[in-house]
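Participant: compute the structure for the input listed below.
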Amino acid sequence: MGENVALPKPPWEWEQVDVQELIDNKTPEDLHTEYKESRLLAKTPPSAKGNCVKKLTKTVSAFNNADGGVIIIGIEEAKEEGKNYPRGLDGGVDESQFGKTWLVQIINSNISPSIPDLRVKPIKLSGENEEKVAYVIWVPKGARAVQARDLIYYQRVEDQSLPMRDYQIQDVNNRSTGPDLRLSFEIPLGQGNILTQAGDTGNTTPFRISVVATNLSDTVAELALFTIMVPQRLAPTEPTSFHKMNLQPKIALQYTGRNTSDNCRVFQKYHRTPDSPPIFRQVQPTVIGNLNITFKAAYEKSPHYEPLLWIAESPRMQPKSGGNIIVTDGHHVELKTDPEAPITLDDKEPLDYWKNPAST
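Facilitator: This is a model prediction of the structure:
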């Protein structure tokens, strides 16, 4: 279930029926799969939290340092001939006590370095456990070795998470010889999030959004191609140092049970030295452009949601894609990220669309 394993459906889109299929097929734990019982997340006794963190970060480290994999919390296990099989779903987890955000934070704050692409999907259970959830945690194959809470590096070998030797750690760290670039949209520091109505137009005055780049690799990025997509109804201006492309795909967002879509404007920038400074691995992101967008002063449904999408490319780096969600009521603006909220282009995954974009 790592990057090189074909799946009919990505783990972060699984529902109960997908987990049940693993149970019905008696799919054993292996290089890409591990099962955990819901009681792993129990807060009692007092030592349980530390035990939970230790076990979770050990498996996360092992999957990251091998080929990636999936941890499913909420499974009763049975052992046959030395292998662990899923016997069935257990009673599940109380999402109000152990939410997705808490789970992501407790994992990433107890491993080093953190994994920005880690995804957690709560799966609502049916029947007598309909108020509970199981969790699917997807761990991507990493470009750098990740250390668990106990300060040990692990690697997945068949169905076990085993400590790594120094040469294995070095081998993982040498996987990527290129940069690891990500973009995000941010409200400039000091600007605030208040919208101002533009007279009687029914719209707000333009609101500035910064486009920022971060490099997660030690390899300096001296050449990169950045592309951003913004819904047309936001009347986006051409960002500083970007140019407008002759593309208008439909950008769509599914979030909090609501769907929104619109044709989008596509802007692109070649970031190269010496015209622009190289992007180093750093804590503070690099601002690569600014754009202005316009909102309505009032929306039929509030809060209103809009998607923002980005794609980053660079030599010796797999293209990366991601996005932000604008939340507004016409008076305030907030930018959120949610990996479980799909943003598509012409009903395709952004990178799939980008392999063969159709010009208009």
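Participant: please enumerate the strands of the stretch 251-360 of the chain.
Facilitator: Using DSSP state E, counting those that start in this stretch, the strands of the stretch 251-360 of the chain run over residues 258-272, 286-293, 304-314, 317-328, 333-336, 343-345.
Participant: in JSON lines: the ones you listed, plus mean pLDDT, distance to Pro188 and mean neighbour count.
Facilitator: Every C-beta, even on glycine, is put in place using the N, C-alpha and C of the backbone. Compiled in JSON lines, the strands of the stretch 251-360 of the chain are given as follows (pLDDT from 0 to 100; distance: least, CB to CB, whole Å; neighbours: other CB atoms under 10 Å):
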{"stretch": "strand 258-272", "mean pLDDT": "95", "distance to Pro188": "18", "mean neighbour count": "17"}
{"stretch": "strand 286-293", "mean pLDDT": "94", "distance to Pro188": "7", "mean neighbour count": "18"}
{"stretch": "strand 304-314", "mean pLDDT": "96", "distance to Pro188": "15", "mean neighbour count": "22"}
{"stretch": "strand 317-328", "mean pLDDT": "91", "distance to Pro188": "14", "mean neighbour count": "19"}
{"stretch": "strand 333-336", "mean pLDDT": "94", "distance to Pro188": "11", "mean neighbour count": "15"}
{"stretch": "strand 343-345", "mean pLDDT": "94", "distance to Pro188": "23", "mean neighbour count": "22"}
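Participant: Gly68 is nearest to which of those?
Facilitator: Counting by CB to CB, Gly68 lies closest to strand 317-328 out of the strands of the stretch 251-360 of the chain; the figure is 13.0 Å.
Participant: same for that closest one, what does it pack against?
Facilitator: Packing partners of strand 317-328 (3 or more CB pairs under 8 Å, 6 or more residues apart in numbering; DSSP states H and E): strand 181-186, strand 304-314, strand 333-336, helix 350-354.
Participant: could you dump the ones you listed to CSV with distance to Lys250?
Facilitator: Output for those, formatted as CSV (distance: least, CB to CB, whole Å):
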stretch, distance to Lys250
strand 181-186, 20
strand 304-314, 11
strand 333-336, 22
helix 350-354, 10
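Participant: rewinding a little: Gly178: which of the strands of the stretch 251-360 of the chain is closest?
Facilitator: Here strand 317-328 is closest among the strands of the stretch 251-360 of the chain (CB to CB), at 4.1 Å.
Participant: between strand 181-186 and the closest one, find me the angle.
Facilitator: Strand 317-328 and strand 181-186 are oriented at 10 degrees to each other (axes from the mean of the first three to the mean of the last three CA atoms, to 10 degrees).
Participant: quick one, strand 317-328 and strand 304-314 angle?
Facilitator: Angle, strand 317-328 to strand 304-314, by the same axes, to 10 degrees: 160 degrees.
Participant: so what strands line up beside strand 317-328?
Facilitator: In its sheet, strand 317-328 lies beside strand 304-314 (antiparallel), strand 333-336 (antiparallel), with partners assigned from DSSP bridges.
Participant: what's next to it, contact-wise?
Facilitator: 176, 178-185, 195, 217, 253, 255, 295, 299, 303-313, 333-339, 341, 343, 349-351, 354 (CB atoms under 8 Å, 6 or more residues apart in numbering).
Participant: try it again at 7 Å.
Facilitator: By CB atoms under 7 Å, 6 or more residues apart in numbering, the residues outside strand 317-328 that reach it are 178-185, 253, 255, 295, 303-313, 333-338, 341, 343, 350-351.
Participant: related to what we said a few turns ago, so can I have a markdown table of the strands paired with strand 317-328 showing distance to Pro86?
Facilitator: What follows is these, written out as a markdown table (distance: least, CB to CB, whole Å):
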| stretch | distance to Pro86 |
| --- | --- |
| strand 304-314 | 36 |
| strand 333-336 | 34 |
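Participant: where along this protein do the helices fall?
Facilitator: In the chain, the helices defined using DSSP state H lie at 16-24, 48-65, 100-108, 166-173, 350-354.
Participant: output the second one in PDB with nothing but the alpha carbons.
Facilitator: What follows is the C-alpha trace of helix 48-65 in PDB, where atoms were taken according to Å, rounded to 0.1, in the frame of the first residue of the first chain:
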ATOM      1  CA  ALA A  48      -1.600   4.200  28.400                       C
ATOM      2  CA  LYS A  49      -1.000   7.500  26.500                       C
ATOM      3  CA  GLY A  50       2.800   6.900  26.500                       C
ATOM      4  CA  ASN A  51       2.200   3.300  25.400                       C
ATOM      5  CA  CYS A  52      -0.100   4.500  22.600                       C
ATOM      6  CA  VAL A  53       2.500   7.000  21.400                       C
ATOM      7  CA  LYS A  54       5.300   4.500  21.500                       C
ATOM      8  CA  LYS A  55       3.400   1.900  19.500                       C
ATOM      9  CA  LEU A  56       2.000   4.300  16.900                       C
ATOM     10  CA  THR A  57       5.300   6.100  16.300                       C
ATOM     11  CA  LYS A  58       7.200   2.800  16.000                       C
ATOM     12  CA  THR A  59       4.900   1.700  13.200                       C
ATOM     13  CA  VAL A  60       4.800   5.100  11.500                       C
ATOM     14  CA  SER A  61       8.600   5.200  11.500                       C
ATOM     15  CA  ALA A  62       8.700   1.700  10.100                       C
ATOM     16  CA  PHE A  63       6.300   2.400   7.300                       C
ATOM     17  CA  ASN A  64       7.900   5.700   6.400                       C
ATOM     18  CA  ASN A  65      11.400   4.200   6.300                       C
END
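Participant: domain ranges for the chain?
Facilitator: Using automatic domain parsing, the domain parsing of the chain gives 11-173, 181-354.
Participant: any weak-confidence spans in the chain?
Facilitator: Across the chain, the ranges flagged by pLDDT under 70 are 1-8, 43-50, 176, 282-284, 358-360.
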